[in-house]
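**Q** What would the 3D arrangement of this be:
(2 chains, ligands or ions: 1)
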Amino acid sequence: MKQVNQVKNASAFVKDSAHRSSHDKHLWDARMRRDKTAAAIPEWEEMRELASAIKKHTLSNLDTYLERFEENATRNGIHVHWARDAEEHNRIVYDIFQQHGVKTITKGKSMLHEECGLREYLAERGIDLAEADLGERIQQLDGQRPSHIVMPAIHKLREDVAELFAEKLGSDPHNDDPHYLNKVMRNDMRKRFVKADAGMSGVNFLLAETGGFVVCTNEGNADISANVPPLYVASAGIEKMIPGPEQLPLFIRLLSRSALGFAITQYTSHYHGPAEGQELHLVLVDNGRTDRLASETWEVLKCIRCSACFNTCPVFRRSGGLSYEATYAGPIGIVLEPSYDLHRYAQLPYACTHCGSCGNVCPVKIPIPDYVFHWRKEVVEQKEDLLSHRYEMLAGSKALASEKLVEAGEKFTLAALKHTPHALMASRFNPWAKAHEMPAAPEKTFRQWYREQQKS
Amino acid sequence: MKIAFFVPCYVDALAPQAAIASYELLQKLGVEIDYPDEPVCCGLPFTDMGYDQYAGDIEQTFVDHFSGYDYVVTPSGICTDQVRNHFTAVEQTPEVQQLRGRMYELVEFLHDILQVEEFPWASFPHKVAIHNACHSLRYLHHAKPSELMGPAFSKPEALLRKVPGIEIVYPERVDECCGFGGTFSIWDPDVSAQMGKDKVTGFNNAGASYVVSADYSCLLHQGGVINKLGLPLRTIHIAEILNGANA
Ligand code: SF4
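**A** I've put the predicted structure just below:
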């Protein structure tokens, strides 16, 4: 597949000041709320430490926990399926639907479904699937992937949504009042909820000890999808495992605080078996996770998809999530997506200033900043780097290992600043010129000054 | 105590005043300084871009010049971070490991090692906004990053508070990245520039006359944006204030 040019994609977004500044502000506000709620808990940093350790323990014993989970879940009456990859996941889901003659589905938001391309897969097979999360539904109607893992349509303005709903749902294009838009969506979705043949959702936590799972949402969209229809199919990445209910509250306390700065998600629903008269299936998905677990960057599997790293990332907030052209954008995306397809995502690890804030907000302490270095190195070693970079770096390395050449380089830079006509410095050859007006060059370098001092 | 003074390429050529002020300040504080009068690179651009494999000779040259001192001191957080935390293209001999442990950025050196109590020659009756470069903030721990919980501290602020007349302000987004990011500003100039604009606008809104930082790399970027936007702000390296600049 073609390599994603995130910089080019981002440049359109960053120049669109209305969208960019709204995006930046909303996400920064979420980060500020996060700081405030975290600061109210004296043991916040210990909680992160503990959550990280629990995830490490569970991932280190994942085989045992998965088997224990399957045994207990089966006893609870949950049909457990195993999917090696996205294709197998989609086929299992489709087979279940075929056996039950399912035509229409409503579905809670799930990044795993995005990762598997489930929506497209089922659409091609004639199944009518409606996303039940408002933001996700907006993205579905617009034919776009979610731009943010918790706020899928955060890159849009209210007027964009009004326009979209007018086109797709026949509402008033000039009314962008959120209450009105909500009502339009609710009226459309209610019809679907009542007549859906099946419901679907993702999973936030798998509990090995009790064989149950937990789904967290703020709109209750997963709950309606799970409880109204006679058939409920949930999908979970195998890394969602924690030992049991005793560990759960810690993660619940961290999740919503990290994500949006709220104490808890509006709905934290526990499923330990089918509702009366219902059938409940759970598909456990690998899709590269086992390989990732054996790799140097295994800690990415600790991720609880809270989005705190997205919200704090200064590059993400100004680039917009769609610029990454990936399931997972933002800091975790740039260190995760290359493990799915290094060629396609070779430029993503460069969408980072090394500011390091992501590693500090992450509730499970994934060393994202270190992983950025890891992937840049990997990109170079696998020769997925840009040729222009390779040549520059090679020439530079020769020059910088020699003291004479370093000095010549510095002199050249100074001379360039001093003598090059402004028009040339401000040309397209100098990417800085658009936004920077460089100061006058210093009279002499430190070295020249030092030598004069020594003489006098 | 004998230290080696390391002047990174960009400071030498583009911000010599920061190096001169650092050098004079260390002299005033009675430190015995060796300055290897040959240009040496710390290898940062290579590690930054993933080309560690090209940096071996460069790092070796650095080791040849700077090992054997009690400390190596430099007015640059990014280069200190490079040597302390990423200097792995050379073989990790005991000599190299010792050098990495002795690499200090100026503010840390003044605050942690010399524990300077006063700067009697300094006075700076101006409103200054402190910019902690991300590397200094999060990898050298100059201050408590806003997103980490716990007691607040700031080494640059503690030093600046010892300068009579100074008034310290912070922008609303206390420590958001300014978008320089080394090679990032060339990799993605549009996003980098937007971050720079947001940053200096924040300083301006805070009512600062000066932006002070221990890292001139960020200040070069911010200075360029300030000039472009025509804001009434000036940039200054922390060593200049501590050394007695009274602009
Ligand atoms: S990497 Fe950490 S901060 Fe980012 S989404 Fe995952 S858990 Fe949250």
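**Q** Next one: A:Trp375 from the ligand, what distance?
**A** Distance of A:Trp375 to the ligand, given as C-beta to the nearest ligand atom, to the nearest Å: 14 Å. From N, CA and C alone the C-beta is placed, and that goes for glycine too.
**Q** For that residue, pull up the helix or strand it's in.
**A** Assessed by DSSP states H and E, A:Trp375 sits inside helix A:368-381.
**Q** Buried ones in that helix, by neighbour count?
**A** Buried residues in helix A:368-381, counted by 16 or more other C-beta atoms under 10 Å in any protein chain shown: A:368-380.
**Q** do stretch A:95-114 as well
**A** Buried-residue list, stretch A:95-114, by 16+ other C-beta under 10 Å: A:96-97, A:102, A:105-114.
**Q** Same question for stretch A:25-42.
**A** Judged by neighbour count (16+ other C-beta under 10 Å), stretch A:25-42 contains these buried residues: A:27-28, A:30-31, A:33-35, A:37-38.
**Q** Please apply the same query to stretch B:130-141.
**A** Using 16+ other C-beta under 10 Å as the burial criterion, the residues of stretch B:130-141 that qualify are B:130-140.
**Q** Next: stretch B:229-244.
**A** By neighbour count on 16+ other C-beta under 10 Å, the buried set for stretch B:229-244 is B:231, B:233-244.
**Q** ok, so of those residues, who is nearest A:Glu45?
**A** Of all the buried residues of stretch B:229-244, A:Glu45 sits closest to B:Ile238, with 28.4 Å by C-beta to C-beta.
**Q** Can you pull up the most central residue in chain B?
**A** Nearest residue to the geometric centre of chain B (C-alpha atoms, centre = their mean): B:Asp215, 2.8 Å.
**Q** Can you list which of the buried residues of stretch B:229-244 are found in helices?
**A** B:238-242 (DSSP state H).
**Q** can you redo those as TSV with pLDDT and distance to A:Gln454?
**A** Output for these, formatted as TSV (pLDDT from 0 to 100; distance: C-beta to C-beta, whole Å):
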residue	pLDDT	distance to A:Gln454
B:Ile238	98	26
B:Ala239	98	20
B:Glu240	97	22
B:Ile241	98	26
B:Leu242	98	24
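**Q** Relative to the ligand, which of these is nearest.
**A** Nearest to the ligand among those, counting by C-beta to the nearest ligand atom, is B:Ile238 at 32.0 Å.
**Q** Please tell me how far whichever residue of the stretch 101-250 of chain A sits closest to the ligand sits from A:His155.
**A** Nearest residue of the stretch 101-250 of chain A to the ligand (C-beta to the nearest ligand atom) works out as A:Ile149 at 6.6 Å. Separation of A:Ile149 from A:His155 (C-beta to C-beta, to the nearest Å): 13 Å.
**Q** List every C-alpha atom in the helix holding A:Trp375, with coordinates, as PDB.
**A** What follows is helix A:368-381, C-alpha atoms only, in PDB (Å, rounded to 0.1, in the frame of the first residue of the first chain):
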ATOM      1  CA  ILE A 368       5.800   6.000  24.000                       C
ATOM      2  CA  PRO A 369       8.700   8.500  23.700                       C
ATOM      3  CA  ASP A 370      11.300   5.700  23.700                       C
ATOM      4  CA  TYR A 371       9.300   3.800  21.200                       C
ATOM      5  CA  VAL A 372       9.400   6.800  18.800                       C
ATOM      6  CA  PHE A 373      13.100   6.400  18.700                       C
ATOM      7  CA  HIS A 374      12.800   2.700  18.300                       C
ATOM      8  CA  TRP A 375      10.600   3.000  15.300                       C
ATOM      9  CA  ARG A 376      12.700   5.700  13.600                       C
ATOM     10  CA  LYS A 377      15.700   3.400  13.900                       C
ATOM     11  CA  GLU A 378      13.700   0.500  12.600                       C
ATOM     12  CA  VAL A 379      12.500   2.600   9.600                       C
ATOM     13  CA  VAL A 380      16.100   3.400   8.800                       C
ATOM     14  CA  GLU A 381      17.300  -0.200   9.300                       C
END
